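Participant: just a sequence and a predicted model for now, questions to come.
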Amino acid sequence: MAMLQLAAKDNPKHLSQGSGVHRSSEELHRQSVARRKAEAQRKRDAARQGEQSDDGDQPGAGEPQGS
């Protein structure tokens, strides 16, 4: 009867380094997502600033108009 022995061996570190197609596209994707999130945050902040300044500038804010 023959016996089969399996052995595990980790890949050398140099195989996981470098610039492959998938690695560079992943980095570009992460940068793109970060830019979109930052732009969305800036827009939200600007909208909040606009709402805060509009609330205090209008006379009779919260009162019915034309009565």
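Facilitator: Looks like it came in fine. This one's a predicted model, so the numbers in the text were calculated from it and none came from an experiment. Numbers count the residues shown, from 1 in each chain.
Participant: is residue 2 in a helix, a strand, or coil?
Facilitator: Secondary structure, DSSP: H, G, I helix; E, B strand; the rest coil: residue 2 is coil.
Participant: what is the neighbour count of it?
Facilitator: 3 (other CB atoms under 10 Å). No exception for glycine: its C-beta is placed from N, CA and C like everyone else's.
Participant: again with residue 26
Facilitator: Other residues within reach of residue 26, judged by other CB under 10 Å, total 11.
Participant: which SSE is it in?
Facilitator: Applying DSSP states H and E as the criterion places residue 26 in helix 21-57.
Participant: give me the helices and strands touching that helix, please.
Facilitator: With contacts defined as 3 or more CB pairs under 8 Å, 6 or more residues apart in numbering; DSSP states H and E, helix 21-57 has no helix or strand neighbours.
Participant: mind checking the pLDDT average for that helix?
Facilitator: The average pLDDT within helix 21-57 is 85.
Participant: when you give positions from now on, start the count at 465
Facilitator: New numbering, starting at 465: the last item is helix 485-521.
Participant: and that helix, which residues are buried?
Facilitator: Judged by neighbour count using 16 or more other CB atoms under 10 Å, helix 485-521 contains no buried positions.
Participant: element containing residue 473?
Facilitator: Here residue 473 is assigned to no helix or strand, by DSSP H and E.
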